[in-house]
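Enquirer: take a look and give me a structure for this.
(chains A and B)
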Amino acid sequence: MRDQLIQLMQEAIHVTQKPLSKNLQDIPIVLTVPKNESYGDYATNLAMNLSKTLKQSPMKIAESLVRNFPTDLNWLEKIEVVKPGFINFFLKDKALQDILPVIITQKEAFGQNQRGKGGEILLEFVSANPTGPLHIGHGRGAALGGALTNLLKATGYQVTTEYYLNDLGTQMETLGRSIQARFRELQGEVDLFPENGYKGEYIKNIAADILQENSTEAFAESSLDVSFFSRYGRQAILKDIQEDLETFGIRFDHWFSEESLVRQGLVENLIQAMEDKGLIYRKEGALWFKSSTFGDEKDRVVVRANGALTYFASDMAYHLQKVNRGYQRLIDIWGADHHGYVQRLKAALQSLGHDPKALTVILVQLVTLIREGKPVAMSTRAGEFITLREVLDEVGKDAARYIFLTRRSDSPLDFDLDLAKKQSNENPVYYVQYAHARVCSVLDVARSQGFEIESLDLTTVHRLNSPEERRLCKHLSEYPEEVNQAAMKLEPHRITFYLGELAAQFHYYYNHHRIIQADRELSDSRLILSLAVGTVIKNALNLLGVSAPEKMVRE
RNA sequence: GCGCCUGUAGCUCAGAGGAUAGAGCAACGGACUUCUAAUCCGUAGGUCGCAGGUUCGAAUCCUGCCAGGCGCGCCA
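Expert: This is a model prediction of the structure:
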């Protein structure tokens, strides 16, 4: 419907302005759903936007555009030209009702499109260091990444998801030393815990595991060096991270190890290549990349005076390698505290002849956990934090994922644990899930009364002409555009808000109209509408990675 | 000091050039012998941080200021 209207206007512009100037051709046609229903089902400000270039009054332009619309449109009730120059479209009921059979026929495919044309995107997210369990902030990134994966796939892109593992350098050393110290403590030795060591309980658990394995096998004392503990710790923590993500419903296509990057010599090669291009210089014993000539604030060290590679060096190599693997677009999801790295990474890509715009970094603001109305203090270093695992055990996957997606990533998020597990109207998750369960429940009752839901005549929709039914049909028909916008703008929270509105409309409808009743034909119509609502809710929840239960029983 | 993000109802947030700025929660008053009341209805609630500017039109764009968060290492 939306597409048809846009096409209609494009044609009208062509007819109105015979010699079509170039700046007219690429003027975007914006079609909105007016807040006030007296302004029609759809409206456009096209005439007002055109008035500058055409040097005519908006009202005149609007009128001549409307005059050039075909007259034989059986799906349009009327067109209005109003005050400053809006064109308002009023659709016939049938035009809105016709979306219902489409939804029911397409099922889970409804809402998808192919605008991505199979473009290949590499989406990197979470990428938490394997030095400790995932915390709540990683959960937000994971929920966002998972939803974006689904959204981009739904709009025709080929998406590969990747988790970059910083399994090298000082932090792995610190991890090893931390475990080693705990291990020796368990053996009764008094060992000084490293100053910057990881203090969490999980370190002790890992040490205990090692001790247990040790007691059965005779380990040579010499094999228990730091690198042994590092490697063991990395594996153990990685396994936990993978399990956590699994229960959170997130799967990665690749787990990309920094260590492997260095081992293959890719970082070294890159630095050599950059040196050859004169992008690198030596100062005070270190190697510096001239990132400031590519928009960064200052130059950055890639190899320290002690010969160690910086994190940034392998990050450059990693991202270059992503480009070389053939992805047209790279999307990274980072915590907002890393925003300072965006510019230098783009600088690196640009200096090597790649378009920095190919890389999009989504910065996710911090999450504050709230319990009993107060923020929960967290510090990774001190080992005081609530893990994603604990949150999942407490509130469940669905509530967690949904709540993470109720905000723009730009906005900081207060995650209220008590609210998330409340089975009440304060909790937005159940509101939407309940609408779906309600649809299923109505359909079940209908079946028990002899309605054959699976073989309803989908053309029986003409009885749906109450304002509530019109509104529902229209909102359902906006779903594909909503998916498209959410994907293009990389903003899954739009789907969350859409869902809230759809659920609200259905709950209202349910409370004001009886779906199953004596009038068989009307019942059929309303069952079709309900089925369509259920389908769209389920599709949208799927995009968010939240389940759509068919029954909900209050505990 | 510099950079990024944010400032919208009591609280948490949508809205990012258009028409009378919206939702949820909280508050107050109502609706269950009914297809699930995890629902619904009604009431109330606003100087869109402040000040200029751009234009037919600004919560939205530009500039300055104020407030909060985060960053500004040869840390990761």
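
Enquirer: how's chain A carved up into domains?
Expert: A:2-91, A:97-106+A:425-544, A:170-247 (automatic domain parsing).

Enquirer: low pLDDT regions in the stretch 351-500 of chain A?
Expert: A:379-384 (pLDDT under 70).

Enquirer: okay, now the closest residue in space to A:M378 that isn't next to it in sequence: neighbour count?
Expert: With Cβ to Cβ, 6 or more residues apart in numbering as the criterion, A:M378 has its nearest non-adjacent residue at 4.3 Å, and that residue is A:F385. (Glycine included, C-beta is placed from N, CA and C.) Applying other Cβ atoms under 10 Å, we find 21 residues neighbouring A:F385.

Enquirer: same question for A:N484.
Expert: Residues near A:N484, counting by other Cβ under 10 Å: 18.

Enquirer: which residues touch it?
Expert: A:N484 sits next to A:N113, A:R115, A:T155 when contact means Cβ atoms under 8 Å, 6 or more residues apart in numbering.

Enquirer: now those residues: which count as buried?
Expert: Buried subset of those (neighbour count, 16 or more other Cβ atoms under 10 Å): A:T155.

Enquirer: after the helix or strand containing A:L151, which helix or strand is next? Please name it.
Expert: Under the criterion of DSSP states H and E, A:L151 resides in helix A:136-154. Downstream of helix A:136-154, the next assigned helix or strand under DSSP H and E is strand A:158-165.

Enquirer: list the buried ones in that next one?
Expert: A:V159, A:T160, A:T161, A:E162, A:Y163, A:Y164, A:L165.

Enquirer: buried residues of the very next helix or strand once past that strand, list them for me.
Expert: Counting by DSSP H and E, the element after strand A:158-165 in chain order, helix or strand, is helix A:170-186. Of the residues in helix A:170-186, A:171-172, A:174-184, A:186 count as buried by neighbour count, 16+ other Cβ under 10 Å.

Enquirer: same question, stretch A:45-57
Expert: Neighbour counts over stretch A:45-57 (16+ other Cβ under 10 Å) mark A:N45, A:L46, A:A47, A:M48, A:N49, A:L50, A:S51, A:L54 as buried.

Enquirer: want to throw the buried residues of helix A:170-186 into TSV with pLDDT?
Expert: Listed next are the buried residues of helix A:170-186 as TSV, based on pLDDT from 0 to 100:
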residue	pLDDT
A:Q171	90
A:M172	93
A:T174	93
A:L175	95
A:G176	94
A:R177	93
A:S178	94
A:I179	94
A:Q180	91
A:A181	91
A:R182	92
A:F183	91
A:R184	89
A:L186	89
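
Enquirer: looking at the residues you listed, spot the one nearest A:H354.
Expert: Of all the buried residues of helix A:170-186, A:Q171 has the smallest distance to A:H354: 28.5 Å, by Cβ to Cβ.

Enquirer: how far away is the nearest residue to A:L134 once chain neighbours are set aside from A:G249?
Expert: Nearest in space to A:L134, with sequence neighbours left out and distances taken as Cβ to Cβ, 6+ apart, is A:L388 at 4.2 Å. For A:L388, the distance to A:G249 (Cβ to Cβ, to the nearest Å) stands at 12 Å.

Enquirer: okay, those two: which has more neighbours?
Expert: A:L388 (25 against 17).

Enquirer: pLDDT on the helix holding A:L151, on average?
Expert: Average pLDDT, helix A:136-154: 96.

Enquirer: check stretch A:325-335 too.
Expert: On average, stretch A:325-335 scores 96.

Enquirer: give the contact list for A:I403.
Expert: Applying Cβ under 8 Å, 6+ apart, we find A:I403 in contact with A:L413, A:F415, A:A420, A:P428, A:V429.

Enquirer: rerun that using 7 Å as the cut-off
Expert: A:F415, A:A420, A:V429 (Cβ atoms under 7 Å, 6 or more residues apart in numbering).

Enquirer: surely the second one is in contact with A:A399?
Expert: Yes: assessed by Cβ atoms under 7 Å, A:A420 is found in contact with A:A399 at 4.6 Å.

Enquirer: more crowded one of these two?
Expert: Legend: neighbour count by other Cβ under 10 Å for A:A420 and A:A399, higher for A:A399 (25 against 21).

Enquirer: tell me the buried residues in the helix or strand A:A400 falls within?
Expert: Secondary-structure assignment from DSSP H and E places A:A400 in helix A:397-404. When burial is assessed from 16+ other Cβ under 10 Å, helix A:397-404 yields the following buried residues: A:K397, A:D398, A:A399, A:A400, A:R401, A:Y402, A:I403, A:F404.
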